[in-house]
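K.L.:
No sequence on hand, only this structure:
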Ligand code: HEM
Ligand SMILES: CC(C)=CCC/C(C)=C/CC/C(C)=C/COP(=O)(O)OP(=O)(O)O
């Protein structure tokens with residue numbers, strides 16, 4: 001099966017790839033660097049959910065989230081092989097580089113997705129499995145196949161996919177969706193635009209060349225800088241959500257405020273700059289966005305752990 005935009009040839013890198021890539025190539029299809037933070041947020045969602053989970057089942061659940069996330073990355077690379085072959089950042093991926101065929105990537109992604117969803121359902125519950133299936137579908141079909149090439153709001157709506165993992169982790173433990181799970185979703189949902197648009201500001205040329213309508217090329221740099229500031233402010237506010245619901249206390253609230261203040265300063269610094277300096281600041285903001293989300297979820301885990309497991313605070 002070929003996506004329509006790839007039907008013209010199976011020969012992206014210039015020579016038809018030999019069937020059967022190496023193990024490293026298949027691992028690269030899973031987008032491991034991006035997915036490790038995705039999986040970490042799912043892990044934290046699972047650990048902070050009330051009630052606790054058997055460690056073996058918990059381990060299986062995290063493995064399923066990791067495999068499902070990786071599978072969705074493989075499906076993304078299957079569909080996006082044509083634009084990955086154009087952008088400098090992605091040209092060496094296994095399909096455009098000719099190390100794996102699109103058919104192999106598709107088969108790999110579909111098989112792993114089915115395995116991850118079925119195993120999660122059997123190990124925990126079918127609501128968690130349904131959410132995992134929906135997340136894979138959302139990233140592969142709604143974001144990759146539809147929104148990415150059709151609207152500059154692609155990552156705002158499509159970002160929902162990356163926001164589900166903590167909710168999946170939570171539901172794997174509790175079997176239901178609560179406000180706290182929705183707030184964890186919301187935090188990543190609001191974090192995604194500044195995370196991605198910062199990168200898009202300094203990789204604008206790549207997206208232009210590939211014809212992908214990312215916000216900086218469609219609405220311009222100033223509009224993107226403004227949107228980054230708006231989403232950052234909303235994110236910093238939403239990050240206090242778990243304090244308001246009583247999930248966590250000051251041990252989370254203090255780092256959250258400090259992390260948020262730095263995020264806001266960096267976003268405003270991008271807003272009030274231009275040219276090469278703006279690109280440099282956007283790169284700093286992108287890197288910081290990764291640090292922010294990681295440390296915020298560490299703080300969440302530490303606060304819940306100190307209260308629930310060690311009886312401190
Ligand atoms: C629609 C939502 C998202 C978009 C469009 C997006 C886009 C990107 C892009 C284009 C990169 C550069 C990747 C590369 O260099 O090949 C990146 C890097 C990264 N993203 Fe995102 N991202 C999204 C959501 C997320 C989420 C939800 C997480 C984790 C919770 C995440 C974590 C990361 C990490 C850890 C990296 C750095 C990877 C590295 O070190 O190479 N992203 N993101
Ligand atoms: C549990 C589960 C299924 C989780 C999935 C999480 C998820 C959707 C993460 C999205 C992260 C990501 C790599 C976006 C890249 O956008 P892109 O594909 O436009 O970037 P690219 O240009 O690097 O391919």
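P.N.:
Now that the structure is in, tell me what you want to look at. Only a predicted model underlies this, so the values are computations on that prediction, with no experimental measurement involved. Ligands and ions are numbered 1, 2, ... in the order given.
K.L.:
only C-alpha atoms for contact and neighbour calcs from this point on.
P.N.:
Fine.
K.L.:
Is residue 96 in a helix, a strand, or coil?
P.N.:
The three-state assignment at residue 96 reads coil, by DSSP: H, G, I helix; E, B strand; the rest coil.
K.L.:
Who are the contact partners of whichever residue of the stretch 201-313 of the chain sits closest to ligand 2?
P.N.:
Of all residues in the stretch 201-313 of the chain, the one sitting closest to ligand 2 is residue 207 (8.7 Å; Cα to the nearest ligand atom). Contacts for residue 207 (Cα atoms under 8 Å, 6 or more residues apart in numbering) come out as 87, 200, 213, 214, 217.
K.L.:
helix, strand or coil for the nearest residue in space to the fourth one that is not next to it in sequence?
P.N.:
Spelled out, that is residue 214. Leaving aside its sequence neighbours, residue 214 sits nearest to residue 152 (Cα to Cα, 6 or more residues apart in numbering; 4.8 Å). At residue 152 the chain is in coil, as set by three-state DSSP.
K.L.:
near ligand 1 too, which of the contacts of residue 207?
P.N.:
The subset of those lying close to ligand 1, counting by Cα under 6 Å from any ligand atom, is empty.
K.L.:
Out of the residues you listed, which comes closest to residue 301?
P.N.:
Using Cα to Cα, residue 200 comes nearest to residue 301 of the contacts of residue 207, at 30.7 Å.
K.L.:
what's the following helix or strand after whichever strand or helix holds that closest one?
P.N.:
For residue 200, the element it lies in under DSSP states H and E is helix 179-202. The element immediately downstream of helix 179-202 (helix or strand, assigned by DSSP H and E) is helix 204-210.
K.L.:
ok, the residue nearest to residue 214 - how many residues close by?
P.N.:
18 (other Cα atoms under 10 Å).
K.L.:
Could you pull up the residues touching it?
P.N.:
213, 214, 215, 218, 219.
K.L.:
Could you do residue 288 as well?
P.N.:
Counted by Cα under 8 Å, 6+ apart, residue 288 has contacts residue 263.
K.L.:
try the one 5 residues further on
P.N.:
The neighbourhood of residue 293, defined by Cα under 8 Å, 6+ apart, consists of 188, 191.
K.L.:
Please list the residues of the stretch 101-250 of the chain that sit near ligand 2.
P.N.:
So far as Cα under 6 Å from any ligand atom goes, the stretch 101-250 of the chain lies against ligand 2 at 132, 135, 136, 139, 161, 162, 165.
K.L.:
which secondary structure elements does the host helix or strand of the first one contact?
P.N.:
To tie it back to what came earlier, the one meant is residue 132. Assigned by DSSP H and E, residue 132 belongs to helix 126-137. Applying 3 or more Cα pairs under 8 Å, 6 or more residues apart in numbering; DSSP states H and E, one finds that helix 126-137 contacts helix 55-79, helix 102-123, helix 160-163, helix 165-174.
K.L.:
quick one, that helix and helix 55-79 angle?
P.N.:
With axes from the mean of the first three to the mean of the last three Cα atoms, to 10 degrees applied, the angle from helix 126-137 to helix 55-79 works out at 20 degrees.
K.L.:
Mind checking if the helix or strand following helix 126-137 is in reach of ligand 1?
P.N.:
Beyond helix 126-137 in the direction of the C-terminus, DSSP H and E gives the next helix or strand as helix 154-158. Yes - residues of helix 154-158 contacting ligand 1 under Cα under 6 Å from any ligand atom: 155, 158.
K.L.:
Go through helix 154-158 and list whatever outside residues touch any part of it.
P.N.:
With Cα under 8 Å, 6+ apart, helix 154-158 has contacts from 138, 139, 142, 143, 147, 148, 189, 192, 193, 196, 214.
K.L.:
Only the buried residues of that helix, if you could.
P.N.:
Residues of helix 154-158 classed as buried by neighbour count (16 or more other Cα atoms under 10 Å): 154, 155, 156, 157, 158.
K.L.:
How many residues are close by the closest residue to ligand 2 within the stretch 1-150 of the chain?
P.N.:
Here the residue of the stretch 1-150 of the chain nearest ligand 2 is residue 69; by Cα to the nearest ligand atom that distance is 3.5 Å. Close neighbours of residue 69, defined as other Cα under 10 Å, add up to 30.
K.L.:
is it true that it touches residue 30?
P.N.:
Yes - between residue 69 and residue 30 there is a contact under Cα atoms under 8 Å: 7.4 Å.
K.L.:
re the thing from before, might you report the residue contacts of the residue of the stretch 1-150 of the chain closest to ligand 2?
P.N.:
Contacts of residue 69 by Cα under 8 Å, 6+ apart are 30, 35, 38, 39, 136.
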